[in-house]
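Asker: sequence plus predicted model, see below.
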Amino acid sequence: MSARLDAVAAVAAAELRHALHGRLVQAFGGLFALLALAIAVAGLGASGQLLVQGFTRTAVSLLTLALYLLPLLGLVMGANAFGAEDGGLELLLAQPVARTDVVLGRALGLAAAMVGVGALGFGAAGAVVGAVAGSEGLAAYVLVAAAGTGVGLAGLALGVLTGTLTRRRSAAVGGALGLWLVLAVLYDFVAIAVLQFMGSGEPGPLLLGLLAANPIDGVRALALVSLGADVLLGPTGASMQRLLGESRGALLVVTSLVAWCVLPAAGAALVYRRRDF
């Protein structure tokens, strides 16, 4: 068991170094940090002084950015890493390391890179807000940061699965971009149509099921509830507060997020074990 853990850790460390030296993570990490700082800094006020939002308002603004950018990074990063085979991977698979351990190690290395990107962006913005506006709302801000990064990890798991199911990098990345378009953009239109024709007009099990089926929408709703959705969104937010304020509703959304992180990765490991290299 110890030998397997050592092998997984070694593979994860190598994959993390490779990801951090890659242009993809560097570009997304830099972009996310710059945009997060720009959001934290509200702009020049009438007095000519630089105004900075508090943690709660910054968290609301950063939530939308994170839920679009981090899943995109995760999907593309996972698909790009597992959709391209090279001599280095063949050499790794020739070593006495189980394929499941290879998948787990590489996925953990990519996950560490994803957490680093999230920490960089949220940390940079949080440092500015904390220094200027104080610590009020910090707990909610940390919750949003963790939730946004969690959705990025779910995207990574889907990207890894997409990569293992394809033979070419271009096909893997194309599939990942298609998944992102469906989850981040098209899903909302489908959900609205379903609620319009099948819903009762009041939040209930159907809406809760739709939120659980998409990690982006589920985390967005849960994060807004934690930030005070009834104040932020009026009657709509109050309905969400009633739906997700109960522990069972919130637990379902959190459980679905964990499932989105674990199940695609498990499927990728199964495919990888049977794949003919």
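Answerer: Okay, I see it. Residues are numbered from 1 along each chain as shown.
Asker: hmm, V8 and A98 touching each other?
Answerer: No. Counting by C-beta atoms under 8 Å, A98 does not reach V8; the two are 9.4 Å apart. (Glycine included, C-beta is placed from N, CA and C.)
Asker: looking at these two, which is more packed in?
Answerer: V8 (22 against 14; other C-beta atoms under 10 Å).
Asker: okay, and V190 sits in which element?
Answerer: Using DSSP states H and E, V190 sits within helix 187-198.
Asker: quick one: contacts of that helix?
Answerer: Contact with helix 187-198 is made by L206, L207, L210, N214, I216, D217, as judged by C-beta atoms under 8 Å, 6 or more residues apart in numbering.
Asker: so which of these belong to helices?
Answerer: L206, L207, L210, I216, D217 (DSSP state H).
Asker: wait, isn't the third one in contact with I216?
Answerer: Pointing back at L210 there. No. Using C-beta under 8 Å, L210 is not in contact with I216, being 11.6 Å away.
Asker: quick one: which of the two has more around it?
Answerer: I216 (25 against 20).
Asker: ok, back up a step: and the furthest pair within the contacts of helix 187-198?
Answerer: Distances among the contacts of helix 187-198 were taken as C-beta to C-beta; the most separated pair is L206 and I216, at 18.0 Å.
Asker: all strands for the protein, in order.
Answerer: 41-44, 50-52 (DSSP state E).
Asker: let me know the average pLDDT across the first one.
Answerer: Across strand 41-44, the average pLDDT comes to 57.
Asker: one more: the last one?
Answerer: Taken as a whole, strand 50-52 has a mean pLDDT of 55.
Asker: heads up, I number from 463, so please use that
Answerer: Got it, first residue is 463 now, which makes that one strand 512-514.
Asker: and L493, what does it touch?
Answerer: L531.
Asker: out of the ones in helices among the contacts of helix 649-660, the closest to A581 would be?
Answerer: I678 (19.9 Å).
Asker: tell me the pLDDT at the closest one?
Answerer: 92.
Asker: for the one 5 residues further on, same thing?
Answerer: At A683, the predicted lDDT confidence score is 83.
Asker: residues near it, how many?
Answerer: A683, neighbours per other C-beta under 10 Å, totals 25.
Asker: now do A728
Answerer: Residues within reach of A728, counting by other C-beta under 10 Å, total 15.
Asker: out of the ones in helices among the contacts of helix 649-660, flag the one nearest to V503.
Answerer: Relative to V503, the closest of the ones in helices among the contacts of helix 649-660 is I678; by C-beta to C-beta it sits at 25.9 Å.
Asker: contact partners for that closest one?
Answerer: L529, P533, V613, L645, A646, Y649.
Asker: just the buried residues out of those, in ChimeraX syntax.
Answerer: Entered in ChimeraX, the line below selects the buried ones among those, by 16 or more other C-beta atoms under 10 Å:
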select :529,533,613,645,646,649
